[in-house]
Structure formats: C-alpha cells, structure tokens
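Engineer: What follows is a predicted structure for the sequence shown.
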Amino acid sequence: MPLGTMGGTLCRPGQPTDTIVVLLSGAATNARYWDWPIQPQTYSARRALSAAGFATLTLDLLGTGTSTRPPSAAVTSALQAQGVHEIVTALRTGINSHPEFQTIILGGVSLGAGVAAMAAATYHDVDGVLLQGFSHSVSPLETLKTVAGFIPAATDPRFADRGLDPGYLTTRQGGRAAGFVGPNTDPVALTVDYAEVADTFSLAEMVDGLTSTIPPLTSNIDAPVLIVNGEVDLLCARAMCASSASLADAEQRYFTPSAQLKTYVLPGAGHAVTVAPNTGLFQDCLVAWAGSVAARVSSGSEAACA
C-alpha cells in the first residue's frame, strides 16, 4: 500500500466460514494485543474468535510491529484508514487462497479504534465496527499523563537500531502500567507487554487520530457498532465508564440508529481489556456480538452483545 506494507496474521478456524474479524493495533501497541503472548487460553481474544468459528486478521498498522516504518510525518490515521480499506477490499474478493468473505467486522483498540472509526465512516465497506478503549469524552488530566509517558522510540534500546526519526514514539519502561491495565493484572503480563506487545507509533497519527472523537465523524458509520471499555480505564471519564448503561447513555448521541450501538464495560479492567483477569467476559461479549453481526448480514436482524 502507499508508503510501505502492512503486516498481519490471517487465521482460519477449523471449519469453513465467510465471516472475518479484522483487528487493528493501537498506539505504542502491536497486533499481539489481540493474541497476548502468554496464557492464550485466557488472554487471546483472537483465539476466542477462532474457537467460535470466525476467521481473524490481526494487523499491525504502519509504523509498528511487522509493518514498515515510513517517515513518521506521513503516517497519519487517515493514511492508516486508507490502507485498511484496501485490505478490506481484498478480503471481499479473496486473499491468500481463501475465498471472499461475505461478512467483515473491523475493530481496533485505542488509536486503532480511531482508525477503525475513520475507515468505517469514510468507506462504508464493513459490516460491524468494534471500538475498544474509545469514547468521545476522555479525562484531560489522565490523557496528559499518558502522553507524558511516551518517549522518542530512537532513545529506547529496543528500537535504537531501527534508524527511526524523532516523530516515532514508544512507551518508556514502566510508563503505562497504571493507565494501561487494571489493579489486579498478572505482573507477568506486564513484563511480556514491555518485551513483546509495546511498540512504536507516529506522533502524526495520534494528532489526526483525535478527529475520530469529533462528533460528526462517528455519525457517518452505518454499520452496527460495539464500544468496549474497562471500568477503571483512566482515559475514560469515570462516570461514563461506571457501567455499560452509563457508557451507552453518554455515547448514543454520537451515532445514528443504523449503528445499532451496543456498549460493554468490563468490571475492574483498565484500558487493556484483553489482559484483564476477567477478560473472558469481554471475549464472550465480542463473540456473541460478532455472531449477531453475521446473522444480521444474512437475515437483517439487529446486532447484539448478550
């Protein structure tokens, strides 16, 4: 695609399927977020989807993971959305010897959720949209604390030999434990996070990615939407993420009826719901909602998270 290649892993379930869930990485996080490198039977949302019979494509956005890293100023969220659109188009016509997919669900975490929202609102080519770690009202103080935890990736020993320009950022060691996860997260998961999940991203995509939270954008999404946040996600206003109902009350105004908005708040979880001790509840919700999206494509019924 323009400026490079976007890397990803396509997983097929044991039985034939015409539904695929495309999952995008987030800021300073690669695609392993969806397939956590420890205890996959517990922490892998990708594995849960595969076990339920869905194909998955976990994608590293440009500038992170297995994808190429063009000059950072060119790596905007709008460019990422264009690349995702090209991949969705390829999935519709057949990719990697797999026949075309009839139902395509697009999801992302945090900044990746913003890219998913942009792509869905601009290209109208997906059947469902998962927005995890996303809301239209964030805590300004905690957001500033999160931003303060980013450092130039070139100054980090993990990426010092990549020749990255100063516009590429990453999270300093120990810099996101408080805001990224909940209070009861396995310490081993945090160690693995820094070594294998935490990654690079561009300042440019973070800046224009904020437009995904400007109200007019999400009102252009015409596919079912599921928003998932953690109850103690410091980036989410506390009253908003107190419950699934309060999140729905706050977010409904930013979507049209065609979005059939569903919300889910995972109790006790932080920003990274995939590594919460009770993440199985999130996985159950995601699988049920994805199944309802596929059923809607076939029959026109409403998507739901049950």
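Structural biologist: Cool, got the structure.
Engineer: thought Thr146 was touching Met206?
Structural biologist: No. Taking CB atoms under 8 Å as the contact criterion, Thr146 and Met206 are not neighbours in contact, 10.4 Å apart. For glycine as for every other residue, the C-beta is placed from the backbone atoms N, C-alpha and C.
Engineer: So those two - more neighbours on which side?
Structural biologist: Taking neighbours as other CB atoms under 10 Å, Thr146 and Met206 compare with Thr146 leading, 23 against 19.
Engineer: So Gln102 sits against Val297, correct?
Structural biologist: Yes. In this structure, Gln102 sits in contact with Val297. The criterion is CB under 8 Å, and the distance is 6.4 Å.
Engineer: quick one, which of those two is more surrounded?
Structural biologist: For Gln102 and Val297, the more surrounded residue by other CB under 10 Å is Val297, and the numbers stand at 20 against 14.
Engineer: Please name the residues that touch that one.
Structural biologist: Gln102, Thr103, Asp127 (CB atoms under 8 Å, 6 or more residues apart in numbering).
Engineer: Please apply the same query to Ala90.
Structural biologist: Contact analysis of Ala90 by CB under 8 Å, 6+ apart lists nothing.
Engineer: Tell me the backbone dihedrals of it, please.
Structural biologist: According to degrees, to the nearest 10, the main-chain angles of Ala90 amount to phi -70, psi -40.
Engineer: May I have the secondary structure class of the closest residue to Leu210 other than its chain neighbours?
Structural biologist: If you skip the residues right next to it in sequence, Leu210 has Gly114 as its closest partner in space, 7.5 Å away by CB to CB, 6 or more residues apart in numbering. Three-state secondary structure (criterion: DSSP: H, G, I helix; E, B strand; the rest coil) places Gly114 in helix.
Engineer: quick one: pLDDT of Gly114?
Structural biologist: According to the model's per-residue confidence, Gly114 sits at a pLDDT of 95.
Engineer: ditto for the one 4 residues further on
Structural biologist: Model confidence at Met118, given as pLDDT, is 97.
Engineer: Could you do Glu302 as well?
Structural biologist: 78.
Engineer: what's the distance between the closest residue to it other than its chain neighbours and Val225?
Structural biologist: In space, Glu302 comes closest to Gln260 once its chain neighbours are excluded; the distance is 5.5 Å by CB to CB, 6+ apart. Spatial separation of Gln260 from Val225 under the definition CB to CB, to the nearest Å is 7 Å.
Engineer: coming back round to it: wait, the residue nearest to Leu210 touches Gly108, no?
Structural biologist: Yes. Assessed by CB under 8 Å, Gly114 is found in contact with Gly108 at 7.2 Å.
Engineer: for the stretch 101-250 of the chain, what are the low-confidence residue spans?
Structural biologist: With pLDDT under 70 as the threshold, the stretch 101-250 of the chain has low-confidence stretches at 140, 177-179.
Engineer: make it 80
Structural biologist: Across the stretch 101-250 of the chain, the ranges flagged by pLDDT under 80 are 138-148, 174-180.
Engineer: what about Gln252, which SS state?
Structural biologist: Following three-state DSSP, Gln252 is assigned to helix.
Engineer: ok, now which ones touch it?
Structural biologist: Contacts here follow CB under 8 Å, 6+ apart; on that basis Gln252 touches Leu261.
Engineer: per-residue confidence at Ala288?
Structural biologist: pLDDT, read off for Ala288, is 97.
Engineer: And the helix or strand that contains it, how far out from the chain middle?
Structural biologist: Take DSSP states H and E as the rule and Ala288 turns out to sit in helix 279-299. Taking the mean C-alpha point of helix 279-299 and that of its whole chain, the gap between them comes to 16 Å (CA atoms, centre = their mean, to the nearest Å).
Engineer: now swap in stretch 24-34 and tell me
Structural biologist: A distance of 7 Å separates the centroid of the chain from that of stretch 24-34, by CA atoms, centre = their mean.
Engineer: Give me the mean pLDDT for it.
Structural biologist: Here stretch 24-34 scores 95 as its mean pLDDT.
Engineer: start to end distance for it?
Structural biologist: Across stretch 24-34, the straight-line distance between its terminal residues is 9 Å, by CA to CA, to the nearest Å.
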